[in-house]
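> Okay, predicted coordinates and the sequence, questions at the end:
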Amino acid sequence: MEISILCVILVREYKPQPRKANCTTKCLNSSVLQSPVFTKQPGSIVFPVDSQENNRDVVFSCEAQGSPSPLYRWKLNGTAVTPKSGSHYSLSGGNLRISHLNKDQDAGTYQCLASNSFGTIVSREASLTFAYLGNFKTHRRNSVSVREGQGVVLLCGPPSHSGDLTFSWIFNEYPSFVKQDTRRFISQETGNLYIAKVEPSDVGNYTCVVTNTVTKTRVQGPPTPLVLRSDGIMGEYEPKIEVQFPEIVHVAKGLTVKLECFALGNPVPSINWSRVDGIPFSRKVDVRKASGVLEIPYFQQEDAGTYECVAENSRGKNTVKGKLSFYAPPHLIEKPEDVQKPIDDSLVWECKATGKPKPSYRWMKNGENLESLEERIQVANGALSISRLTLSDIGMYQCVAGNKHGEVYSNAELRVIAVAPDFSQNQLRSPTMVKEGGDVLIECRPKMSPWGVISWRKGSEALRESHRVSILDNGNLRIQNSTRPDAGLYTCVARNQFGVASSSGTLMVKEPTIITTAPSTLDVTVGESIVLPCQVTHDPSLKLMFTWFFNEQLIHFGDHGGYFEKVGGQHSAGDIMIRNIQLRHAGKYTCAVQTKVDSISIAADLVVRGPPGPPTSIHVEEISDTTASLSWRPGPDNHSPITTYTIQARTPFSLGWQAVTTVPEVVGGRSLTATVIDLSPWVEYEFRVLASNAIGTGEPSKPSKQARTKETSPKVTPANVSGGGGSRSELVITWEPVPEELQNGGGFGYVVAFRPSGATGWMQAAVPSSEASKYVFKNESIQPFSPFQVKVGVYNNEGEGPFGPVITIYSAEEEPGRAPTRIRAKSLSASEIEVSWKALPWNTSKRRVLGYEVSQKREKEEAASVQRTVGNQTSAIIRGVTGSNTYYITVRAYNTAGAGPPSVTVNVTTKKPPPSQPPVKVMWNTLNSKIILNWEQVKALENESEVTGYKVLYKRNRHSRPSVMETNTTTVELSLPMNEEYFIQIKPFGEGGEGSSSRQITIPRIPGQSIMDCSLTLQ
């Protein structure tokens, strides 16, 4: 019996496989054993009953994966369904087919059970219901008689049915359907038609139409006549609510709920909805006032509460209230997982679910409810606990969480393992090494179930425990303060009721590693290099590994900008060098040395001296028009005392930061205040401070807040005062504006003082604009070109400043009073005219001549072209005119006041245009160092000037300036070196100027050739 039990146990010794519901066919067909798990579970079915099709079938789907492949069973209302030959039940895989459905026998709750050698699991419940719709009773309905203005309810009375219904009403004849509005309402709960206030147009026959939403069948009831009574019109009355929702409506999470409310009354009542707690409706809520329906889609916990419908008209109002109660079917939030436990161990599975109402729990084993008949099996608050596990506990377990709105299932497999001791997967580590004086733990981890007894041997003798040597509760061996004699062969022996096994390993005791370098503090200056030593003694049979840390962060050599470098050349040395040390390299350096048996470390503090850090908290304590008192706090001195401070400033007008003058002139390292002097008034300043020590000057502080110096009267006068010109009787004075940084305050302007030369009193004018650069004084008494003494001063809100030096400026002069004489005009070519005249003499009538204006235009042209000469020039060449045209020319003198009277008009006719035809049939050849060119004679057209010669333009490259040779024949010889490339063009010319050029000819470089005849012809 013991042998057979052991055999069964060993067969079950394997690890649980992950439970994947989407496992592929390859997974299912693999040789890995696996418990069943559902991949497809049945869903509820509503079957439409149709009397004409009685042979309809339904199929409940069920599919599970597992190895061995699962077998399937089904239950109907808890009773086994037995598919037999001739039965209307049949199985295809796990799917259940029901043929020849019988409404009375087959309706109910179905569950699928899947089993293999690991156990059985049960699917969720799935219902089969039948939907149908019967016919109305065929007898006629009595007429309904009402007074005009009265409300009425027409009953539908739907026939027997199963499945959801919808209702509509026909008025008189199809397809005239009753349209719902504020006066008429069709309840989708009862099917009744409500008319709040009857009007004469409502008289007629009303037929209720019922539609089954599942079967899609529709039936009509008998018509109900509505007639008016003849005893008068109904008076007004307050609303009477005929359609109201229940006091409590339970709504599942995520569903859509519709509440109906409608009232009869005269006048027709209005329907309004609200929440009693005053919370406004969310945007998803649909309030259809015309049809008296409140619709809340995707119902959530926050939608629960009491809702109120108010029906109101001028005679009064009525209300109805109802509570929407939120519920949710169970949803698992903590599920049991597959476990593998040793025999005699304990098991606790937690199972938790959310839901409203709070779910209850039950457990199933292999498809049957688990009864706690044994004291060792307990179920409490969804948790299943089993103590002292036995082989009979093996199987498939299911936690079922449920409330009145549904149930959810979760599966888990329990495997109980019973194994003889086995070291095949966990041999003792060999060799195990420890340093002399160190502690060592030799692990003994056999696989066995149940756990048995562990003992140890050293060599061939049983191990004796002592204060240094002890066997722990988990079977491991601990040796403290190891010595050389502790080395040797150790064997762990494991026993339980199923067998004995052992495993051996060697313990080696090694010489400890010792760092011989003493801890130290090192001092270095920025930019220097230093070696950090790390020397050790160690067991020569062990390999050393050196690791360095900076402020407890691992140093990666090769990173950090190449500052760190290993320089320890010996086996027992791990020295490193830090090159070009920076301030950031100050800190704690740790050398860690590691072998297979121990690890030790030593630390050294590195102090880096460098320029001071930036000062902080720069404040402008007090500021005047030219001074500012500053204070600051020192930054780190970086291990070298601060000797001096330097103050810099910048303004919107300066180029960056500039050094400033201070009191004291040299700010010592112990000073934390200073006064800056020689500042410009009314300018915004920023200040910063730099600290220096024996090593150098550090980084500047952050700038202070902007501070503006006080205002004072201006001190700087405008530069480059000048003037002159302008119109008659004007004195024009100009200057360069004073820059803003020199204005010393707001309200800046200029004072212009002037007087005629020789006068004693000054005339003054204020120019109240800091950007002004000109002043014009106009007075009819001012004589042309009269000298004036002028000076320009400044002022601002604080007062007047100084005047600049006195200079002489002349008033506006008069334009010349005479015209030039002896005007001559001559055509130089088709595009140029030369004009000459006699200059006007300079006279003392203050009518200077600065130059002459030459104007020309063709006959019938209104606007003339004008060009100016400067000084006493008495001729000018007009370019850009056209050939064979007559031009009319005048000359007049000008000065700053304008131009004088024009001269007499002379005319000149330009020469004929130059030849428009370029030279053609250009041929060239070379002979020794000569280029010989020939071309065809160019003939001028009738309206063109005759050809008097040709210009040959040649150059060595496309971008150089050409050389020119003139000839009056159609051939030319050029003596040029033949080892260069040349570009040549030919132009005809005549008295009308240069004509059109030939196409450019390229003469290639011809090295070593004495004669070459290319005869290249260009048309």
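Happy to help now that I have it.

> Let me know whether residue 965 touches residue 973 as I believe.
No: distance between residue 965 and residue 973: 9.6 Å, which falls outside the contact criterion (C-beta atoms under 8 Å). (Each C-beta comes from the backbone N, C-alpha and C, glycine too.)

> which intervals of this protein have sub-threshold pLDDT?
Of all residues in the chain, those with pLDDT under 70 make up the ranges 1-31, 50-55, 289-291, 560, 569-571, 842-846, 978, 1006-1019.

> The stretch 501-650 of the chain: helices as residue ranges?
Counting by DSSP state H, counting those that start in this stretch, the stretch 501-650 of the chain yields no residue ranges for helices.

> Skipping adjacent residues, who's closest to residue 321 in space?
Excluding its sequence neighbours, the residue lying closest to residue 321 (C-beta to C-beta, 6 or more residues apart in numbering) is residue 308, at 4.9 Å.

> Now for that neighbour: which residues touch it?
Taking C-beta atoms under 8 Å, 6 or more residues apart in numbering, we find residue 308 in contact with 273-276, 319-321.

> what would these look like in JSON lines with neighbour count?
Listed next are the contacts of residue 308 as JSON lines, based on neighbours: other C-beta atoms under 10 Å:
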{"residue": "273", "neighbour count": "18"}
{"residue": "274", "neighbour count": "17"}
{"residue": "275", "neighbour count": "15"}
{"residue": "276", "neighbour count": "13"}
{"residue": "319", "neighbour count": "16"}
{"residue": "320", "neighbour count": "17"}
{"residue": "321", "neighbour count": "13"}
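
> And those residues, which two are furthest apart?
Greatest spatial distance among the contacts of residue 308 (C-beta to C-beta): 275 and 320, at 14.0 Å.

> Against residue 765, how distant is the residue located most distally from the centre of the chain?
Residue distances from the centre of the chain (C-alpha atoms, centre = their mean) peak at residue 822, which lies 82.8 Å from the mean C-alpha position. Applying C-beta to C-beta, to the nearest Å, one obtains 47 Å for the distance of residue 822 from residue 765.

> and if you look at residue 499?
Using C-beta to C-beta, which is the criterion applied here, residue 499 is 125 Å from residue 765.

> Kindly report the same for residue 193.
Here the distance between residue 193 and residue 765 works out to 99 Å (C-beta to C-beta).

> Looking at these two, which is more packed in?
Per other C-beta atoms under 10 Å, whichever of residue 193 and residue 765 has more neighbours is residue 193, with 24 against 13.

> Please state the backbone phi and psi of that one?
Note on residue 193: backbone dihedrals following degrees, to the nearest 10 are phi -100, psi 130.

> show me what contacts the nearest residue to residue 432 once chain neighbours are set aside?
If the residues on either side of it in the chain are set aside, residue 432 comes closest to residue 507, at 5.1 Å by C-beta to C-beta, 6+ apart. Going by C-beta under 8 Å, 6+ apart, residue 507 touches 431-434, 440, 442, 479, 486-490.

> Mind checking which of those residues are buried?
The neighbour-count test (16 or more other C-beta atoms under 10 Å) marks 432-434, 440, 442, 479, 486-487, 490 as buried among those.

> Tell me which of those residues fall in strands.
Residues of the buried ones among the contacts of residue 507 located in strands (DSSP state E): 432-434, 440, 442, 479, 490.

> Show me the two of these that sit farthest apart.
Maximum distance among those (C-beta to C-beta): 13.0 Å, for 433 and 490.

> ok, residue 819 - contacts?
With contacts defined as C-beta under 8 Å, 6+ apart, residue 819 is in contact with 891-893, 900-904.

> For it, give its distance to residue 899.
Between residue 819 and residue 899 the distance, using C-beta to C-beta, works out to 10 Å.

> Just give me the neighbour total for residue 480.
Number of residues near residue 480 (other C-beta under 10 Å) recorded here: 15.

> ugh, wrong one, I meant residue 893
Neighbour count for residue 893, taken as other C-beta under 10 Å: 25.

> how many other residues sit next to residue 277?
Residue 277 sits with 8 neighbouring residues when counted by other C-beta under 10 Å.

> what sits against it?
Taking C-beta under 8 Å, 6+ apart as the definition, contacts of residue 277 comprise 305-306.

> ok, back up a step: helix or strand: which one has the residue farthest from the centre of the chain?
Following DSSP states H and E, the helix or strand that holds residue 822 is strand 821-827.

> Toward the C-terminus, what is the element adjacent to that strand?
Past strand 821-827, heading to the C-terminal end, the next element that is a helix or strand (DSSP H and E) is strand 832-838.

> how far off strand 832-838 does the helix or strand following that following strand point, in degrees?
Proceeding N to C from strand 832-838, the next assigned helix or strand is strand 851-858, under DSSP H and E. In terms of direction (axes from the mean of the first three to the mean of the last three C-alpha atoms, to 10 degrees), strand 851-858 departs from strand 832-838 by 140 degrees.

> Give me the sheet partners of strand 851-858 and which way each runs.
The sheet places strand 851-858 alongside strand 865-868 (antiparallel), strand 886-895 (antiparallel), with pairing taken from DSSP bridges.

> how about JSON lines for the ones you listed, with distance to residue 203 added?
Conversion of those to JSON lines gives the following (distance: least, C-beta to C-beta, whole Å):
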{"stretch": "strand 865-868", "distance to residue 203": "101"}
{"stretch": "strand 886-895", "distance to residue 203": "107"}
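
> which one of those has the most crowded surroundings?
Comparing those by mean neighbour count (mean count of other C-beta atoms under 10 Å), strand 886-895 ranks first with a mean of 20.

> Distance from that one to the middle of the chain?
Between the mean C-alpha location of strand 886-895 and the chain-wide mean there is a distance of 72 Å, by C-alpha atoms, centre = their mean, to the nearest Å.

> Quick one: distance of stretch 716-735 to the chain centre.
So, by C-alpha atoms, centre = their mean, the centroid of stretch 716-735 is 61 Å from its chain's centroid.

> Can you tell me the SS state at the residue nearest to the spatial centre of the chain?
The chain has residue 283 as the residue nearest its centroid, 30.6 Å off, counting by C-alpha atoms, centre = their mean. Secondary structure of residue 283, reduced to three states by DSSP: H, G, I helix; E, B strand; the rest coil: coil.

> Longest strand in this protein, by number of residues?
For the chain, assigning by DSSP E, the longest strand comes out as strand 316-334.

> next helix or strand past that strand?
Elements were assigned by DSSP H and E; along the chain past strand 316-334, the next helix or strand is strand 339-342.

> Show me what that following strand is packed against.
The criterion is 3 or more C-beta pairs under 8 Å, 6 or more residues apart in numbering; DSSP states H and E, and the helices and strands that strand 339-342 contacts are strand 347-349, strand 406-417.
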